[in-house]
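S.K.: Quick one: sequence and predicted model below, then my questions.
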Amino acid sequence: MTDDNEDMITTEELNKVLKHAKNRKSCGLDNLPMELWKFGGNELKMHTLELFIKIIDKNQMPQEWETGMAIYIKKEQKANVKITEELLYCLQPTNYLQT
């Protein structure tokens, strides 16, 4: 375990990241929306914070977070022009996005 407290994530830092995370976006591979992490309450935030601290201490992320799924989504560039473009998105667990 790390003795250096300046490397640890604080509750305030976690709250700041969650505050700026976008709502109503696609769920990751874990099928959990970002709103769950934002509005899940203090107990969930404390468990999340403990998880992140363990990741820092061990210097290793959970293996599941290393997996993503690439998907193509066709999107129109402009409403008045019928040109479409394929965009590549990579879905990953939502907790991965917070680290």
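M.R.: Sure, I can see it.

S.K.: For the longest helix out of those in the chain, which helices and strands make contact with it?
M.R.: The longest helix of the chain (DSSP state H) is helix 42-58. Under the contact definition 3 or more C-beta pairs under 8 Å, 6 or more residues apart in numbering; DSSP states H and E, helix 42-58 sits against helix 11-20, helix 34-39. Backbone N, C-alpha and C define where each C-beta goes, glycine included.

S.K.: show me where pLDDT drops low in this structure?
M.R.: 1-6, 72-99 (pLDDT under 70).

S.K.: again, only using 50
M.R.: For the chain, the stretches with pLDDT under 50 are 1-2.

S.K.: if we can go back for a sec, buried deepest among the helices and strands packed on helix 42-58, which one?
M.R.: Neighbour counts (mean count of other C-beta atoms under 10 Å) averaged over each of the helices and strands packed on helix 42-58 peak at helix 34-39, with a mean of 16.

S.K.: Which other helices and strands does that helix contact?
M.R.: Packing partners of helix 34-39 (3+ C-beta pairs under 8 Å, 6+ apart): helix 11-20, helix 42-58.

S.K.: try it again with 6 Å
M.R.: The contact analysis (3 or more C-beta pairs under 6 Å, 6 or more residues apart in numbering; DSSP states H and E) places helix 34-39 against no helix or strand.
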